[in-house]
Each structure stands twice: as C-alpha cells, then as structure tokens.
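1. quick one, fold the following:
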Amino acid sequence: MPRRKCFISYHHDDEPEVLRFIQEFDHTHDSFIARGIGAGMPGDVIQSTDRDYIMRRVRETYLRDSTVTIVMIGRCTWARRYVDWEIASTLRNDTGNPRSGLMGIVLPSASAAPTAPPRLSDNLAEGYDGRAYAHWYHYPRGVSWLSEMIETAYSARDSAVPNNKRLLFSHNRTCV
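-> Numbering: from 1, shown residues only. Now for the predicted structure:
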C-alpha cells in the first residue's frame, strides 16, 4: 500500500504514548509519514477567534500536504479545542488544500469506553450521503492493519460527505 502523509492530532497529556505510536509504526515500518504539532513538526498556537482565519491557518500551516488525519483518542482528547480545530480543518475543502481522510485510534491508556471528540463523532455515524466519513479503531495490532485503516480513511475522502457544521470550540472543555 502507498505510504500516506498523516497528521497526528492528540491531547498534549497523551504525547508520550503518541510518540511511541509514531516510533512503532512510522520510523520502524514506514507505514505512514507522521506530521503534527509536537510530533515531528514545531508549531505555534493560533491566537484568534475568527473561525475562517483559524481554519485557514491550521490548514496552511499544519495540514497542507497531509492526506489523512489520525486522531489519537485518550481520556481527555474530546475536550481539547485544538483537536476540534484540527478535525474541522481536516474536513475543510479549500482550493489549494483538499480535505483529508479522518480516523480515530483509541490509545491503550484510554478508558474502556472513551469519548470521541464531538466533531469526529459527527462523522462516525452515517454521513449526509448515507456513508460514514470517519471510523475509529482500537490500537492497531500490526503494520498491515494500520495501513488498511489509513487507506480506508483516505478512500472516504471521495466516497462520503463529511459533517463539519458544528461551531468551533472557543475554549477547552473540562475533563474530569
């Protein structure tokens, strides 16, 4: 299978576990090319409340050449505004930056029934056209399984319609 450029979206509390995932599957087996704020590329925080500006900056700066966004789902990922912004930018289809595929992977440290970020959850159910735009999975057991998951997300870009109607988080939610 082709090696896709994947933007890794995650809550900063899960960074050690996310970095292990990247080392296990990207550096060792070349199953994907990882991109992400703090996970292979430095980033600045976007200080604005303008939705269009935020989406454009996230898309241009961090997602510009990725084809799939992998949301690493930990205990509090659902509450993080930057994760919401990254998912919203992933689903945005701009002239110079076509939308990316979207998937979630539940981290091993997450609870037995983790909560998906709301915008990811919106796209897990049947989409506007009767098909799901995104899927979420348990942590992959091997490279071939991960490659299939990424390819499924990549293919959905052209076969399903995403739901990106939700308003952007203006602040982090409280995770207890």
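2. do a quick rundown of the strands in this structure.
-> With DSSP state E as the criterion, the chain has strands at 4-9, 32-35, 68-73, 101-106, 134-138.
3. now these as CSV including distance to Q47 and mean neighbour count?
-> Glycine gets a C-beta too; all of them are placed from N, C-alpha and C. Formatted as CSV, the strands of the chain follow (distance: least, C-beta to C-beta, whole Å; neighbours: other C-beta atoms under 10 Å):
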stretch, distance to Q47, mean neighbour count
strand 4-9, 19, 24
strand 32-35, 22, 20
strand 68-73, 22, 27
strand 101-106, 25, 25
strand 134-138, 28, 19
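4. out of those strands, flag the one nearest I54.
-> Closest approach to I54 among those is made by strand 4-9 (14.5 Å; C-beta to C-beta).
5. could you pull out the helices in the chain for me?
-> 15-22, 51-61, 81-91, 118-124, 143-159 (DSSP state H).
6. of all the ones you listed, which lies closest to P108?
-> helix 15-22 (7.2 Å).
7. about what we covered before: quick one: closest of the strands of the chain to R81.
-> For those, distance to R81 was read as C-beta to C-beta. The smallest value, 11.7 Å, belongs to strand 4-9.
8. which among the strands of the chain is found nearest to P16?
-> strand 68-73 (11.4 Å).
9. chain center to the closest one: distance?
-> 3 Å (C-alpha atoms, centre = their mean, to the nearest Å).
10. need the contact partners of that strand.
-> Contact partners of strand 68-73, identified using C-beta atoms under 8 Å, 6 or more residues apart in numbering, comprise 4-11, 14, 17-18, 21, 32, 63, 77, 83, 86-87, 90, 100-107, 110, 114, 116-117, 120, 136, 150, 153-154.
11. sheet partners, orientation included, of that strand?
-> Each strand paired with strand 68-73, and its direction, by DSSP bridges: strand 4-9 (parallel), strand 101-106 (parallel).
12. let me have these in a markdown table, adding mean pLDDT and distance to V176 as columns.
-> Listed next are the strands paired with strand 68-73 as a markdown table, based on pLDDT from 0 to 100; distance: least, C-beta to C-beta, whole Å:
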| stretch | mean pLDDT | distance to V176 |
| --- | --- | --- |
| strand 4-9 | 90 | 22 |
| strand 101-106 | 96 | 19 |
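13. can you put those strands in CSV and add distance to R59?
-> Listed next are the strands paired with strand 68-73 as CSV, based on distance: least, C-beta to C-beta, whole Å:
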stretch, distance to R59
strand 4-9, 10
strand 101-106, 14
